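S.K.: Need the 3D shape of this:
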Amino acid sequence: MIARIYKLFLPALLAYFLLLPFFAFAKTMSSGRTHSLVICDDGTVMAWGQNTYGQLGDGTTTMRTVPVHVLAGTSGCTTNLCNIISVSGGVDHSLALKNDGTVWAWGTNTYGQIGDGTTTNRFTPVQVSGLTGIIAVEAGNMLSLALKSDGTVMAWGYNTNGSVGDGTTTDRHAPVQVSGLTGIKSLSCFWIHTIVLKNDGTVWTWGFNGYGQLGDGTGTDRHIPIQVSGIPPVTVVSAGELFCLVVANDSTVWAWGDNTYGQLTTIGGATPKQIPGLTGIIDVSGGEQHSLFLKSDGTVLSCGFNWYGQVGNGTLSWTSPTLTQVLTGTSGCSTNLCSNIWASAIQPDGKIIIGGNNLFTTYNGTSRNRIARINTDGSLDATFDPGSGVNSGAALTGFVFASAIQSDGKIIIGGDFSSYNGTARTRIARLNADGSLDATFNPGTGANLDINAIQIQPDGQIIIVGGFTAYNGTAINRIARLNTDGSIDASFNIGTGANGKISTAVLQPDGKIIIGSSNPSFTDYNGTARNRFARINSDGSIDASCDPGTGASSNIFTTIQQPDGRIIIGGGFSTYNGTARNRIARLFSTPLPIELLYFNATAENNSLVRCDWSTATEINNDYFSIERSKDGTNFSQIGTVKGAGNSSVTLNYTFYDHEPYSGLSYYRLKQFDYNGAFSYSPIRPVYIGTIDLIIIYPNPSTEGSIQYTVASEAGGEVSVKVYDIIGRQVISNTETLEGGVVTKKLSTAGLSSGSYLLQITNGNLEQTQKQFVVK
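M.R.: Got it, this is the predicted structure:
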């Protein structure tokens, strides 16, 4: 969505972009009439602008020209309001939704729009009475609304024109249920009328109707919701000051109400009409007297009142009824208007998976909805097709925050989305290597709040962290381990878990997990004090040997591990455990139990496998477990070798597997120290046999070449031939292979579209072959 930041005046938007570096990690924002709100990544809220009625929530009525934190008020947070996932600015009051489903409000309260049962202005947040299970909030002029998870709507505040929707004209100082509404997906309120969208695509309105903004063909106020007729099924709704806009499921736009300033182009009136010339629209936003339209290619169109330049066409023309593309100016934005990439992961072949926010709808002009795969030269990989990609839902942003690559090439994504390519997947999904959804990974109802980081263990199990407090209906606070099928691993016991959102995670070789947080509410893990940083054992318990003391003074956004086991953290902090460290620090001076120089696994005489490794130093090293796998994911122990305990000299070790698998297999070391901690070596492939063509990639080929991976015992010169579907030889050359598993590249630039056979023959006339397709 456009986050409704255009709701009133474009200058508020411009102010935001001027402050963009300050809010590099902001997630959600909203404009009131003369004030602005933004949620930072740590779940706190900052505000600036007019403050006559306390709408900034800082405990004063002083206008602020730079952002200040909204205070905790009665929320129970330490200093500032915390754990906020959505905000909405009204004319002179503000609403915030916490991640526990409660609603908090501050500012003017003349008509009860704060919802605390009084008409007293509030200069810091107070809880709106009786609301739980809320998934979205909307602040109007003198009115407030909230959408519940069961699809009903609550409203409170000014009601002279029936804007509360309860069938009366009595102001409501506490929330009441809007009459007759169920199955609501989203809502929008500007002045004192409201428009909502049901799950079935129908649109309903109520409240003030003096300009036909309810769309029922009259100018009569409506005290309960009425259905708007004469429009196709709808996907997006937005209320302007005295008009309404909707996007139909065919990406056209329909509108009704006041058109004095050309905010509806050349149409207007009390019944819906299609705005001519608008196609490919994915979002709309109505302002006071202007409108904005977001296209699927990332461009923004606008029209309407332009006295303050809010149409964004580079002029101050009084009105602009003609649709105009918003200029990008000097903001550094492209035609994607500052869409963001939040997640990236590099595949073994060097290609890059990227995921981002809800303005990421294209890559270099090609439709890609919030996720894409990029070739090593930066071009789009057309073989990765996500279809309609990642989509948002009620109170879900549609963001991809995290991605990780499995050893089999499948991709795990996490974030704040509701579906992938039309199939329901709440905040987590697994994709096949071609971009299609992997249906064998079934998360059920998924996570109830955002997933911010993903780590994949060597055994294929998946660590997820974020702001969630439940996964597929099971209560689990902000960190969980999943089985390879997407179900929760009950053996990973975190107790009460983290008490604040986890923003980042890194998996150590010994199976322990480093976690960091951008949320000041993260002050303990399962009852043990930990300030924004902790290390977790592989069973989910806290690692007491890792004590961060007072921890980080502010946000931790990223964590990485060096080869020597030390941890780098980065964020907004200025101290770590009381020591000055400006936004970056390295932790742990204790080295890993061993310093491994190398680990190799090689076939000998086509009948056994020799494993060799060497250590430079050893500290409390108990023993090595040698593990073998057929698929590179599921390993089992085949033997052990005793370690030296403590050593400062180079030591060499050898182990023989006398009964290896035939064909391709994988080997690794698992080193154990005396206290049971362990770490893994790199994985080494070994081939027992003659020659085998393992994989051709990409297949189908669209890039003028393919890569093929071959396993051979001895290596040497081989013949490489390609035949077409009727058996004609179309390519013939030779290659020299090293022994073991190697990957080579073959040009297909001269081949027509169709099916082909790649055949490889070694010096003993042993052959291997596979089919591939050129498109």
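S.K.: gap between residue 273 and residue 728?
M.R.: Computed as Cβ to Cβ, to the nearest Å, the residue 273 to residue 728 distance reads 62 Å. All C-beta atoms are positioned from the backbone trio N, CA, C, and that covers glycine.
S.K.: Looking at those two, which is more packed in?
M.R.: Each of residue 273 and residue 728 has its neighbours counted (other Cβ atoms under 10 Å); residue 273 has more, 19 against 8.
S.K.: where does the more buried one land in three-state SS?
M.R.: Using DSSP: H, G, I helix; E, B strand; the rest coil, the structure places residue 273 in strand.
S.K.: Likewise for residue 232?
M.R.: Counting by three-state DSSP, the backbone at residue 232 sits in coil.
S.K.: pretty sure it contacts residue 251?
M.R.: No - Residue 232 lies out of contact with residue 251 (Cβ atoms under 8 Å); the separation is 10.5 Å.
S.K.: Can you give the contact residues for stretch 417-426?
M.R.: Defining contact as Cβ atoms under 8 Å, 6 or more residues apart in numbering, one finds that stretch 417-426 is touched by 370, 386-394, 396-400, 413, 427, 429, 431, 436-437, 439, 443, 445-447.
S.K.: Tell me the buried residues in that stretch?
M.R.: For stretch 417-426, the neighbour count (16 or more other Cβ atoms under 10 Å) marks 417, 418, 419, 420, 421, 425, 426 as buried.
S.K.: beta partners of the fourth one?
M.R.: What it means is residue 420. Bridge pairing for residue 420 (DSSP bridges) gives the partners residue 390, residue 423.
S.K.: Looking at it now. What's its pLDDT?
M.R.: Per-residue pLDDT puts residue 420 at 94.
S.K.: quick one: low-confidence parts of the stretch 1-150 of the chain?
M.R.: Within the stretch 1-150 of the chain, the ranges that satisfy pLDDT under 70 run 1-28, 41.
S.K.: redo that, cut-off 50
M.R.: 1-27 (pLDDT under 50).
S.K.: What are the boundaries of the strands in the stretch 101-250 of the chain?
M.R.: 103-107, 122-127, 134-139, 143-148, 153-157, 172-177, 184-189, 193-198, 203-207, 222-227, 234-239, 243-248 (DSSP state E, counting those that start in this stretch).
S.K.: so can I have TSV of those showing mean neighbour count and distance to residue 277?
M.R.: As requested, the strands of the stretch 101-250 of the chain are arranged in TSV below (neighbours: other Cβ atoms under 10 Å; distance: least, Cβ to Cβ, whole Å):
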stretch	mean neighbour count	distance to residue 277
strand 103-107	28	39
strand 122-127	21	44
strand 134-139	24	29
strand 143-148	26	32
strand 153-157	27	33
strand 172-177	20	40
strand 184-189	23	23
strand 193-198	26	23
strand 203-207	25	22
strand 222-227	18	27
strand 234-239	24	18
strand 243-248	25	15
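S.K.: Helix or strand with the lowest mean pLDDT in this structure?
M.R.: helix 10-18 (a mean of 33; mean pLDDT, DSSP states H and E).
S.K.: what packs against the very next helix or strand once past it?
M.R.: Remark: after helix 10-18, the chain's next helix or strand is strand 28-31, criterion DSSP states H and E. Strand 28-31 sits against helix 10-18, strand 35-39, strand 84-89, with contacts defined as 3 or more Cβ pairs under 8 Å, 6 or more residues apart in numbering; DSSP states H and E.
S.K.: distance between strand 28-31 and the chain's centre?
M.R.: Computed by Cα atoms, centre = their mean, to the nearest Å, the separation of strand 28-31 from the middle of its chain amounts to 18 Å.
S.K.: What strands flank that strand, and is each parallel or antiparallel?
M.R.: By DSSP bridges, strand 28-31 pairs with strand 35-39 (antiparallel).
S.K.: okay, the strand it pairs with in CSV with CA atoms only?
M.R.: Extracted C-alpha coordinates of strand 35-39, given in CSV (Å, rounded to 0.1, in the frame of the first residue of the first chain):
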residue,chain,number,x,y,z
HIS,A,35,1.5,16.1,12.0
SER,A,36,3.3,13.0,11.0
LEU,A,37,3.9,9.6,12.6
VAL,A,38,6.5,6.9,11.8
ILE,A,39,7.2,3.5,13.3
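S.K.: ok, back up a step: could I get the strands of the stretch 101-250 of the chain as a markdown table with distance to residue 617?
M.R.: A markdown table is the format used below for these (distance: least, Cβ to Cβ, whole Å):
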| stretch | distance to residue 617 |
| --- | --- |
| strand 103-107 | 55 |
| strand 122-127 | 55 |
| strand 134-139 | 54 |
| strand 143-148 | 60 |
| strand 153-157 | 64 |
| strand 172-177 | 65 |
| strand 184-189 | 60 |
| strand 193-198 | 64 |
| strand 203-207 | 70 |
| strand 222-227 | 73 |
| strand 234-239 | 61 |
| strand 243-248 | 63 |
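S.K.: packing partners for the longest strand that the chain contains?
M.R.: Scanning the chain for the strand with the most residues, using DSSP state E, yields strand 608-629. Counting contacts by 3+ Cβ pairs under 8 Å, 6+ apart, strand 608-629 is packed against strand 594-604, strand 635-647, strand 651-657, strand 663-673.
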